[in-house]
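Student: Any chance you can model this:
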Amino acid sequence: MRSARRLQVIQHSIVREMACLGREFEIDGSVVRGPGTTAVAIREHADDTGGHVDLGYVLRLGDGTGPVVWDCTAGLGRTEEERLTNAVRMWRTTTASAMVELLERRGLHGDHFVPGAAGGVPGWHAVQGPACVFGFASGPLGDWLAEHQLLPTVTEEILPMVRDPLVNGVRFFFGGRSGDEVAEVRVNGEPAPDASAALRRLPWPRGERLAWARCFVLLAADPVALDGVEGRSGPALKQARAGAGARLLRRWLQA
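Tutor: So this is what the prediction gives:
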């Protein structure tokens with residue numbers, strides 16, 4: 001697939017997937033603009049399958065200081081277009097959902113952990129989007145993930161890499177099958193070898209068939225500092241969050 005066609009497929013997929021989260025995005029040159037100063041940037045990610053893409057959720061477009069939360073995503077499919085479309089859907093399910101939840105703070109698209117809470121990180125507000133579990137016979141892996149918190153097991157390993165003063169992204173990807181496993185943690189798009197080793201040591205199910213899990217966590221020093229990036233005023237934000245209550249959701253999606 002030519003690069004121009006790849007970009008078109010990715011951009012249209014972003015518009016469609018963000019609409020699923022109640023966000024109106026539109027294509028504007030090389031980026032896809034959202035409400036206020038938000039946008040999604042795209043970087044090429046060369047690989048043999050053609051199904052990888054790097055997506056950056058921009059919170060303050062035009063501000064050279066950022067922040068931009070980058071994530072590498074991949075999708076399965078028979079054609080390159082299917083793989084790219086599914087890659088963006090995977091990103092929306094895990095990463096974009098966490099970003100929208102961080103901005104809304106309504107408990108609709110992810111779980112919140114205040115600093116120091118069980119499942120969280122000292123000094124940071126954590127937001128975890130839905131996990132995606134996929135592959136063959138992925139039920140045991142999904143069940144295990146629903147009952148275990150990953151973030152506390154790698155806190156010591158990732159904290160030295162959490163450098164952005166506003167928001168940082170932590171991605172977990174692990175699975176495979178017994179004897180052919182993968183366990184990877186990335187912080188702000190960069191590999192975290194020590195955290196990946198800690199993830200590999202956890203007793204998640206290793207079966208005879210391929211199954212993987214992916215989830216994304218945001219660490220924000222002060223979520224309130226991000227209010228207004230979508231162009232909504234204080235009263236409008238309060239109205240949007242009204243009635244959300246304190247209930248936290250954890251969604252585990254199996255494919």
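Student: Could you pull out the strands in the stretch 1-150 of the chain for me?
Tutor: Along the stretch 1-150 of the chain, counting by DSSP state E, counting those that start in this stretch, strands occupy 26-28, 31-33, 39-43, 52-58, 68-74, 111-113, 125-128, 131-135.
Student: Using a markdown table, lay out those strands together with distance to residue 91.
Tutor: Using the backbone N, CA and C atoms, a C-beta is placed for each residue, glycine as well. Formatted as a markdown table, those follow (distance: least, CB to CB, whole Å):
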| stretch | distance to residue 91 |
| --- | --- |
| strand 26-28 | 17 |
| strand 31-33 | 12 |
| strand 39-43 | 9 |
| strand 52-58 | 5 |
| strand 68-74 | 4 |
| strand 111-113 | 18 |
| strand 125-128 | 15 |
| strand 131-135 | 10 |
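Student: Among these, show me which one is buried the most.
Tutor: strand 125-128 (a mean of 24; mean count of other CB atoms under 10 Å).
Student: Turn the strands of the stretch 1-150 of the chain into a markdown table, columns for mean pLDDT and distance to residue 104.
Tutor: Below are those laid out as a markdown table (pLDDT from 0 to 100; distance: least, CB to CB, whole Å):
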| stretch | mean pLDDT | distance to residue 104 |
| --- | --- | --- |
| strand 26-28 | 97 | 20 |
| strand 31-33 | 96 | 19 |
| strand 39-43 | 95 | 17 |
| strand 52-58 | 94 | 14 |
| strand 68-74 | 93 | 16 |
| strand 111-113 | 94 | 11 |
| strand 125-128 | 96 | 10 |
| strand 131-135 | 92 | 19 |
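Student: where does the protein have its least confident helix or strand?
Tutor: None of the helices or strands of the chain scores lower by mean pLDDT, DSSP states H and E than strand 252-254, at a mean of 37.
Student: does residue 131 really touch residue 217, like I thought?
Tutor: No - in this structure, residue 131 is not within contact of residue 217 by CB atoms under 8 Å, at 10.2 Å.
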